[in-house]
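Trainee: Sequence plus predicted model, see below.
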Amino acid sequence: MTTKTTSTPAFRYAAVTFDCADPAELSRFYAELLDMSALYSTDDFVLLGKEGSTGLGFNRLADYRPPTWPDPAQEKQAHIELGVDDLDTAEKHLHTLGATTPEHQPGEDRWRVLLDPAGHPFCITTLL
């Protein structure tokens, strides 16, 4: 009699991918922000990362519509939380990279919501 064993495959978190109109443009923003390099790139997809760690992907979507947060007309779907030492200094630097700060700020002085160049909301916080 042959005993068949089954094993559970190993999974690891590899990346999060954002839809956007221009993967090259959006990946430049995050590459500079997070000190990452392109590990893989085509006209329609860019994967940023560092060897052996998780990454960020950017996928061209022909009819991409940016989130309209906080207006629910086009929900944000997901967002990134980034830890920083100083909210004001980080926000100013992010503006030089192309981020914008929407008027609505639900976190008061605990965190700030910004929008990347494709309109995806992300947060900076001193809580992490």
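Mentor: On my side now, so go ahead.
Trainee: need the strands for this structure, in chain order.
Mentor: Assigned by DSSP state E, the strands in the chain fall at 15-20, 37-41, 45-49, 55-60, 80-83, 111-115, 121-125.
Trainee: Now tabulate the ones you listed in TSV and tack on mean neighbour count.
Mentor: From N, CA and C alone the C-beta is placed, and that goes for glycine too. As requested, the strands of the chain are arranged in TSV below (neighbours: other C-beta atoms under 10 Å):
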stretch	mean neighbour count
strand 15-20	17
strand 37-41	14
strand 45-49	21
strand 55-60	20
strand 80-83	14
strand 111-115	20
strand 121-125	19
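Trainee: closest to residue 100 out of the ones you listed?
Mentor: strand 111-115 (4.9 Å; C-beta to C-beta).
Trainee: Need the residues that contact the closest one.
Mentor: Residues outside strand 111-115 that contact it (C-beta atoms under 8 Å, 6 or more residues apart in numbering): 69, 81, 87, 91, 94, 99-102, 104-107, 121-127.
Trainee: isn't residue 84 right up against residue 110?
Mentor: No: here residue 84 does not reach residue 110: they are 12.0 Å apart, not a contact under C-beta atoms under 8 Å.
Trainee: more crowded one of these two?
Mentor: residue 84 (19 against 12; other C-beta atoms under 10 Å).
Trainee: State the distance from that one to residue 31.
Mentor: Per C-beta to C-beta, to the nearest Å, residue 84 is found 18 Å from residue 31.
Trainee: Format the strands of the chain as CSV; extra columns: mean pLDDT and distance to residue 26.
Mentor: Shown next, in CSV, are the strands of the chain (pLDDT from 0 to 100; distance: least, C-beta to C-beta, whole Å):
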stretch, mean pLDDT, distance to residue 26
strand 15-20, 90, 5
strand 37-41, 94, 12
strand 45-49, 94, 8
strand 55-60, 93, 5
strand 80-83, 86, 12
strand 111-115, 92, 12
strand 121-125, 89, 12
